[in-house]
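Asker: Sharing a sequence plus its predicted fold:
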Amino acid sequence: MSRDLPELPDDAFMKVDPSDDALFYEPARLVTHIDESASAALMQFYASLLPRDGAVLDLMSSWVSHLPYDLTLSEVVGHGMNEKELAANPRLDRWFVQNLNDDVTLPLADESFDAVLCCVGVQYLQEPVGVFGEVRRVLRPGGVVAVSFSNRCFPTKAIAVWRALDASGHAALVRLYLERAGFDGVEASVLCDGSAGDPLICVVGRK
């Protein structure tokens with residue numbers, strides 16, 4: 001049970017595979033985790049959301065960030081679990097490897113980003129409120145966090161409550177995470193309904 005979400009069952013954040021996440025993510029997986037239509041929809045959504053010349057943190061990233069090609073940003077910092085994947089991401093100016101299930105504290109300065117993105121990774125967090133509390137700390141006033149997810153996951157590493165919910169339940173759960181972490185105006189948008197490919201939902205909160 002997460003200490004920040006006592007209303008959830010004791011086993012809500014348990015995983016089928018409790019072994020060290022670092023072992024699971026050790027092999028580089030240079031694949032996309034959403035299809036082309038979902039990726040294009042996310043890129044378009046980012047284009048409408050992110051400030052030009054802003055500083056962006058891509059949390060739980062890999063070799064693809066889904067950022068619009070023509071969007072100029074002052075800095076893009078990546079975080080992930082695999083060094084090779086992050087090194088292969090052409091949009092990252094710098095990056096770091098960290099297991100957020102072991103340590104939620106981000107090695108980043110207060111109020112240093114205009115936006116934080118988290119694409120198809122939220123389902124693996126075991127202390128999500130702690131992580132998003134750190135996200136809020138590193139965001140500047142007025143900054144935005146965007147958490148996107150589909151129906152895909154590594155099932156042995158996804159938390160139990162995620163595996164038990166449908167898409168609307170996932171959106172409600174992520175909204176709870178962000179509101180409990182102190183974000184305002186939290187809203188969910190359906191970017192792809194899944195009728196012609198992968199579904200995709202993005203939950204956005206503001207500091």
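Answerer: Structure received.
Asker: how about the spatially most central residue of the chain, secondary structure?
Answerer: The centroid of the chain falls nearest to C118 when counting by Cα atoms, centre = their mean (2.0 Å). Each residue gets one of three states, and C118 gets strand by DSSP: H, G, I helix; E, B strand; the rest coil.
Asker: Who is it paired with across the strands?
Answerer: L59, V147 (DSSP bridges).
Asker: That one: what's it in contact with?
Answerer: L59, M60, V135, V145, A146, V147, S148 (Cβ atoms under 8 Å, 6 or more residues apart in numbering). C-beta: built from backbone N, CA, C; applies to glycine.
Asker: Next: G78.
Answerer: Neighbours of G78 in contact, by Cβ under 8 Å, 6+ apart: L57, D58, S61, S65, L86, N89, R91, L92, R94, W95, F96.
Asker: Phi, psi for it please.
Answerer: In this entry, G78 is assigned phi and psi values of phi -110, psi 150 (degrees, to the nearest 10).
Asker: Which residues does it form beta bridges with?
Answerer: Residues found in beta-bridge contact with G78 (criterion: DSSP bridges) are D58, W95.
Asker: Quick check: the gap between it and A88.
Answerer: Relative to A88, G78 is positioned 11 Å away (Cβ to Cβ, to the nearest Å).
Asker: Ok, G130 next?
Answerer: Where A88 is concerned, G130 sits at a distance of 29 Å (Cβ to Cβ).
Asker: ok, of the contacts of G78, which come out buried?
Answerer: Applying 16 or more other Cβ atoms under 10 Å to the contacts of G78, the neighbour count classes L57, D58, S61, S65, L86, N89, R91, L92, W95 as buried.
Asker: measure the second one to S148 for me?
Answerer: Right, D58. From D58 over to S148 the distance is 12 Å, taken as Cβ to Cβ.
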